[in-house]
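Asks: Give me a 3D structure for the following:
(2 chains)
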Amino acid sequence: DTGVSQNPRHKITKRGQNVTFRCDPISEHNRLYWYRQTLGQGPEFLTYFQNEAQLEKSRLLSDRFSAERPKGSFSTLEIQRTEQGDSAMYLCASSETGEIGTGELFFGEGSRLTVL
Amino acid sequence: DQQVKQNSPSLSVQEGRISILNCDYTNSMFDYFLWYKKYPAEGPTFLISISSIKDKNEDGRFTVFLNKSAKHLSLHIVPSQPGDSAVYFCADKSNFGNEKLTFGTGTRLTIIP
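Replies: Model (predicted):
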């Protein structure tokens, strides 16, 4: 399968614990995005990388959130000291720089976080 | 900042009829608008887009119309099929180089057989 892969698909944790999600983008894509989706809302932008450089972070991304893409391939999103308000679907997407056209993002199936 | 609004949270349409999903935006500075479709427990998948310089784009059963003066776009699906039942999001693609998408809140479309 050559699509965007995310794991784990579902994580249940207790408040205060740390969690980490992983995203493997489509191999030739050098842009990688993290979005968060809560019930009844559309996906909200969190951050994006071009290769290994993190180029933009949303103000939604508090200092408890950190994302990395160490070698410009896979990415991790870590949430420290989770709160119940962090419960959401975390979506990863990738795209190819310089693609002339719509700038379509290819999304993974998401990682659902439930904080008890 | 761009705001993208989908004011109808849900829509039910008889199979074979036309489905019309609407989207309003606030900022005229965009490159493209895109429509994504999302099934439960799956990520959004790209459906169709429209450039800011066009007013219509058609792909099979799907047509998107852009009315720049009204800052409004719509997605038409005809004829509607049961497999079209999903949540539809419109999304604005920024023209600031990061290709970030700003999504609306979505419309749940249900096709009634």
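Asks: ok, what's across the strand from the residue most central in space within chain A?
Replies: Computing the C-alpha centroid of chain A and ranking residues by C-alpha atoms, centre = their mean puts residue A:34 first, at 3.0 Å. As for beta bridges, residue A:34 partners with residue A:47, residue A:92 under DSSP bridges.
Asks: Identify the residue spatially nearest to residue A:114, adjacent ones excluded.
Replies: residue A:12 (4.6 Å; C-beta to C-beta, 6 or more residues apart in numbering or on different chains). To be clear about C-beta, it is placed using only N, CA and C from the backbone, and glycine gets the same treatment.
Asks: So that neighbour, which state does it fall into?
Replies: strand (DSSP: H, G, I helix; E, B strand; the rest coil).
Asks: Can you classify the nearest residue to residue A:109 once chain neighbours are set aside as helix, strand or coil?
Replies: Excluding the flanking residues, the one nearest residue A:109 by C-beta to C-beta, 6+ apart is residue B:43, at 4.9 Å. With three-state DSSP as the basis, residue B:43 sits in coil.
Asks: Around residue B:37, count how many other residues there are.
Replies: Other residues within reach of residue B:37, judged by other C-beta atoms under 10 Å in any protein chain shown, total 20.
Asks: Oops, could you answer that again for residue B:13 instead?
Replies: Other residues close to residue B:13 by other C-beta under 10 Å number 20.
Asks: So residue B:106 is in contact with residue B:11, correct?
Replies: No: the pair residue B:106 / residue B:11 is not scored as a contact, 10.9 Å apart, by C-beta atoms under 8 Å.
Asks: So which of these two has more stuff around it?
Replies: Legend: neighbour count by other C-beta under 10 Å for residue B:106 and residue B:11, higher for residue B:106 (24 against 16).
Asks: residue boundaries of the helices in chain B?
Replies: When secondary structure is read from DSSP state H, chain B shows no helices.
Asks: Get me the contact residues on it for chain A.
Replies: When proximity is defined as C-beta under 8 Å from any C-beta of the partner chain, chain B approaches chain A at B:4, B:6, B:9, B:31-32, B:34, B:36, B:41-46, B:49, B:51, B:89, B:91, B:93, B:98-106.
Asks: Show the buried residues in those residues.
Replies: Among the residues of chain B next to chain A, those buried by neighbour count (16 or more other C-beta atoms under 10 Å in any protein chain shown) are B:4, B:6, B:31-32, B:34, B:36, B:43-44, B:49, B:89, B:91, B:93, B:98-106.
Asks: Show me these that map onto strands.
Replies: B:4, B:32, B:34, B:36, B:49, B:89, B:91, B:93, B:101-103 (DSSP state E).
Asks: now the residues you listed in a markdown table, with distance to residue A:108?
Replies: Below are those laid out as a markdown table (distance: C-beta to C-beta, whole Å):
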| residue | distance to residue A:108 |
| --- | --- |
| B:4 | 22 |
| B:32 | 22 |
| B:34 | 17 |
| B:36 | 13 |
| B:49 | 20 |
| B:89 | 16 |
| B:91 | 16 |
| B:93 | 19 |
| B:101 | 15 |
| B:102 | 19 |
| B:103 | 16 |
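Asks: In terms of secondary structure, what does the lowest-mean-pLDDT helix or strand in chain A contact?
Replies: None of the helices or strands of chain A scores lower by mean pLDDT, DSSP states H and E than strand A:53-57, at a mean of 90. Packing partners of strand A:53-57 (3 or more C-beta pairs under 8 Å, 6 or more residues apart in numbering or on different chains; DSSP states H and E): strand A:44-50.
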